[in-house]
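Novice: A structural model of the following input is requested.
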Amino acid sequence: MANFAQLNVLNHALASGSTLSEGNLRIQSESTSDVGSLAYSTLEMASGKFYMEVLVVRQDADRGQIGIINTLVEQNQAPNNTNITDGANEWGFLTQSNVSNGSIHHNSNNIGNGAMGSFQTGDIAQVAIDASAGKVWFGRNNTWFANDGGSDGDPSTDANPTYTNLANGPYRFAVGCTNAASGLFVMKANFGEQGFKYTPPTGFKALSQDNLPTPTNFDALAGETPADYFKAVEYTGTGNSTAVTGLNFRPDFVWIKNHTTAGWSNLINDSIRGPNNLIFSDATNANTQNNGGGYLTSFDANGFTVSGGGASSRSGSSHIAWCFKAGGAPTATNSAGAGAVPTANSVKIDGANKSDALAGTIPATELTASIKSGFSIVRYTGTGSNGTVAHGLTAAPKWMWIKNLSGTNDHIIYHDNLVNNTYYIALNQTAAQAQAANVFNSTDPTSTVFSVGTSTATNGNGSDYIAYCWHDVEGFSRFGQFRGNAANNGPYVECGFKPAFVIVRNRNITTQWYSHDNVLGNKLGNDSPGLHLKPNSANATDSPVACDFFASGFKIRTTGSGQNGNGNTMLFMAFAEMPAKFV
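Specialist: The predicted structure is shown next:
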């Protein structure tokens, strides 16, 4: 299976009169006004060396552009951005008659004015990117241009890149027409499926699924898949104790929702608190035991068991459970002080006891973490003073969920894409992001700890807390943002994998939270009704279609402001069904 990249019909900024055709490789602009168009590659490049060519089929005016763009940055630009060269995370080569033909642009600045010459019919424009090293070369008819505008670039020998020190990827190729002139302009991208005109530089490959690097943690060919660490399962309630199977693991976190009968809360269970203990993502209740509406009674080798009750096993109702594996359930409480080696069996990292000192000024009382999937659960006792808590992972969390188990505080969410570290957003509320410096002590998490201030929501003196922490893992999870456009043809969000579970929330306005999964929302493929749930609500599933899952990301299909407010920033968390390399 080669499965070469194309220009993404779901992810582009095409002006009226502009089209993609010929297998989504040809981009044609017929605009008679000063409007440009841009389309991106379907596959992204997080690491490795890749090469592409673009044939100039026809040019009635000098207005072509090629280049690369940072995937995560582009997703938060103003909708329908059509110039690849305007931002700090965009690097391009354009021919634009009202500027300087053949200029190389980055962040609205150009180098080597006119050195590359204007595009002519039959020209081959070239891009070679070393995504691992953060270098890119632009070429025309096999002449490669350096940062000073000279023609002595050579990607084969790593000599004289056009740009270095690119922002952290992943990246995508981009092809289009600038907004500097009217007239017909046609370009045809070649990612390798047709054979290249020129021999690719040494070490550089065509952009195809086969050539994508294998995710370090999830090599499907070696039998490792995201389903070993996350899976959504649906089951029918019996009104009695019900064993739910079908997982490939013993879960450490189980989120259960009766999705066909309204009025039943979201049940949040974890192996640190143990069976019979609940909090509710749509309510502020303190930790509850043996809930009358139902509860989880055991974490099992291939699933879990629930009691009878409307929330967990209502007779005839369908329930959905989102299940995560961490490092296994601790069997002891950590009695060691801050900065000490934790008590045996109180901290589990990928199933093993932690044998060295635990970071933080507030000791974790229990901790379970999966380094492979970037997920941990931490329990700690608040001090009422600014402090830090170990999260057990090897990278800074991008998303954290903290609940005071002793009190009726909100479920506090830290997201890397809130305005800054003085902000939080409540999972159980519809309120927009709010500012309170004492929630996270105005401090971002590090690779070893997260910070808490004096707020009772995260660090009340003597209160008991649970924290769920996640960071990006290639091929498994991504936490980020995108900019809404209020259109049914909404933003396409690259993930580098086919999603299994996605949560979306507009950070700017009063609105709901929205969750989508590959069981309820995309059960029969992308043409099926797209049901969704609201983590802050006890409602049943809702429609219409709002989000579709594809091989490397998801696309918003609603005009609703909660997931697609025009110009607003949408926060998202996404977990994989399968890395894009193996879809």
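Novice: Pass me the low-pLDDT residue ranges in the stretch 151-300 of the chain, would you?
Specialist: 179-183 (pLDDT under 70).
Novice: again, only this time at 90
Specialist: The model of the stretch 151-300 of the chain has pLDDT under 90 over residues 151, 165-169, 176-187, 216-223, 248, 292.
Novice: now swap in the stretch 401-550 of the chain and tell me
Specialist: Along the stretch 401-550 of the chain, the model assigns pLDDT under 90 to residues 485, 487-491, 520-532, 540-548.
Novice: Strands of that one, start to end?
Specialist: Taking DSSP state E, counting those that start in this stretch as the criterion, the stretch 401-550 of the chain carries its strands at 412-415, 423-426, 434-435, 449-452, 464-470, 477-483, 492-494, 497-506, 514-517, 547-550.
Novice: Output the contacting helices and strands for the last one.
Specialist: Other helices and strands packing on strand 547-550, by 3 or more C-beta pairs under 8 Å, 6 or more residues apart in numbering; DSSP states H and E, are strand 497-506, strand 514-517, strand 553-556. For glycine as for every other residue, the C-beta is placed from the backbone atoms N, C-alpha and C.
Novice: Let me know which of those strands is the nearest to Arg26.
Specialist: strand 553-556 (21.9 Å; C-beta to C-beta).
Novice: Could you measure from the residue nearest to Asn190 when sequence neighbours are not counted over to Ser561?
Specialist: Among residues not flanking Asn190 along the chain, Glu53 sits closest, at 4.6 Å (C-beta to C-beta, 6 or more residues apart in numbering). To Ser561, Glu53 is 41 Å away according to C-beta to C-beta, to the nearest Å.
Novice: who has more neighbours, these two?
Specialist: More neighbours surround Glu53 than the other of Glu53 and Ser561, with 23 against 17 (other C-beta atoms under 10 Å).
Novice: So for the host helix or strand of that one, what gets flagged as buried?
Specialist: Assessed by DSSP states H and E, Glu53 sits inside strand 49-59. Across strand 49-59, burial judged by 16 or more other C-beta atoms under 10 Å covers Lys49, Phe50, Tyr51, Met52, Glu53, Val54, Leu55, Val56, Val57, Gln59.
Novice: angle of the next helix-or-strand element following it against strand 49-59?
Specialist: Later in the chain than strand 49-59, the nearest helix or strand by DSSP H and E is strand 63-70. With axes from the mean of the first three to the mean of the last three C-alpha atoms, to 10 degrees defining the directions, strand 63-70 sits at 160 degrees from strand 49-59.
Novice: Check which helices and strands strand 63-70 sits against.
Specialist: Short answer (3+ C-beta pairs under 8 Å, 6+ apart): strand 63-70 packs on strand 49-59, strand 90-96, strand 124-130, strand 135-140, strand 171-177, strand 185-190.
Novice: and those strands, which one's lowest on average pLDDT?
Specialist: Least confident of the helices and strands packed on strand 63-70, judged by mean pLDDT, is strand 90-96 with a mean of 76.
Novice: what lines up beside it in the sheet?
Specialist: Paired with strand 90-96 in the same sheet, following DSSP bridges, are strand 63-70 (antiparallel), strand 103-106 (antiparallel).
Novice: Just say which of the ones you listed is most tucked in.
Specialist: Among these, ranked by average contacts under mean count of other C-beta atoms under 10 Å, first place goes to strand 63-70 (a mean of 26).
Novice: what mean pLDDT does that strand have?
Specialist: For strand 63-70, the per-residue pLDDT averages 84.
Novice: how about it as CSV, C-alpha atoms only?
Specialist: In CSV, the C-alpha atoms belonging to strand 63-70 read as follows (Å, rounded to 0.1, in the frame of the first residue of the first chain):
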residue,chain,number,x,y,z
ARG,A,63,0.7,34.3,-8.6
GLY,A,64,1.9,30.8,-7.6
GLN,A,65,2.9,29.7,-4.1
ILE,A,66,4.3,26.6,-2.6
GLY,A,67,5.8,25.8,0.8
ILE,A,68,5.2,24.3,4.2
ILE,A,69,3.1,25.2,7.2
ASN,A,70,3.1,24.1,10.8
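Novice: just the angle between that strand and strand 171-177, please?
Specialist: 160 degrees.
Novice: What about the closest residue to Gly460 other than its chain neighbours, how many residues nearby?
Specialist: Counting by C-beta to C-beta, 6+ apart, Gly382 is the residue found nearest to Gly460 once chain neighbours are left out, at 4.6 Å. Neighbourhood size, Gly382 [other C-beta under 10 Å]: 24.
Novice: List the contacts of Gly382.
Specialist: The contact partners of Gly382, by C-beta atoms under 8 Å, 6 or more residues apart in numbering, come to Ile362, Asn404, Val452, Thr456, Thr458, Asn459, Gly460, Asn461, Gly462, Ser463, Asp464, Tyr465.
Novice: related to what we said a few turns ago, same list (the strands paired with strand 90-96) but as TSV, adding distance to Ala5.
Specialist: Below are these laid out as TSV (distance: least, C-beta to C-beta, whole Å):
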stretch	distance to Ala5
strand 63-70	13
strand 103-106	23
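Novice: Between the ones you listed, which one is closest to Phe230.
Specialist: strand 63-70 (26.3 Å).
Novice: and that closest one with strand 135-140, angle?
Specialist: Strand 63-70 runs at 160 degrees relative to strand 135-140, counting by the same axes, to 10 degrees.
Novice: quick one, strand 63-70 and strand 185-190 angle?
Specialist: Angle of strand 63-70 versus strand 185-190, following the same axes, to 10 degrees, is 40 degrees.
Novice: Any idea how far strand 63-70 is from the middle of the chain?
Specialist: 23 Å (C-alpha atoms, centre = their mean, to the nearest Å).
Novice: before we move on, back to that, of the contacts of Gly382, just say which sits nearest to Asn147.
Specialist: Nearest to Asn147 among the contacts of Gly382: Val452, at 45.1 Å, using C-beta to C-beta.
Novice: residues in contact with that closest one?
Specialist: Val452 makes contacts with Ile362, Gly382, Asn386, Gly387, Thr388, Val389, Ile402, Val439, Phe440, Asn441, Thr458, Asn459, as judged by C-beta under 8 Å, 6+ apart.
Novice: Now with 7 Å, please.
Specialist: Residues in contact with Val452 (C-beta atoms under 7 Å, 6 or more residues apart in numbering) are Gly387, Val389, Phe440, Asn441, Thr458, Asn459.
Novice: Repeat that for Ala125.
Specialist: If you count contacts by C-beta under 7 Å, 6+ apart, Ala125 has them with Val54, Val56, Ile66, Phe93, Arg140.
Novice: check which helix or strand covers Phe299.
Specialist: With DSSP H and E as the test, Phe299 turns up in strand 296-300.
Novice: for that strand, which positions count as buried?
Specialist: Within strand 296-300, the residues that count as buried by 16+ other C-beta under 10 Å are Leu296, Thr297, Phe299.
Novice: Export the residues you listed as CSV, with columns for distance to Asn334.
Specialist: What follows is these, written out as CSV (distance: C-beta to C-beta, whole Å):
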residue, distance to Asn334
Leu296, 24
Thr297, 26
Phe299, 20
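Novice: Kindly indicate which of those lies nearest Val136.
Specialist: Distances from Val136 to the buried residues of strand 296-300, taken by C-beta to C-beta, are shortest for Phe299, at 48.1 Å.
Novice: Please tell me I have it right and the closest one contacts Ser271.
Specialist: Yes: Phe299 is within contact range of Ser271, at 5.4 Å (criterion: C-beta atoms under 7 Å).
Novice: shared neighbours, those two?
Specialist: Common contacts of Phe299 and Ser271, defined by C-beta under 7 Å, 6+ apart, comprise Ala329.
Novice: does the residue nearest to Asn190 really touch Gly195, like I thought?
Specialist: No: Glu53 lies out of contact with Gly195 (C-beta under 7 Å); the separation is 9.9 Å.
Novice: Point out the one among the helices and strands packed on strand 63-70 that comes closest to Pro201.
Specialist: With C-beta to C-beta as the measure, strand 124-130 is the member of the helices and strands packed on strand 63-70 nearest Pro201 (5.2 Å).
Novice: just the angle between the closest one and strand 63-70, please?
Specialist: Relative orientation of strand 124-130 versus strand 63-70 (the same axes, to 10 degrees): 10 degrees.
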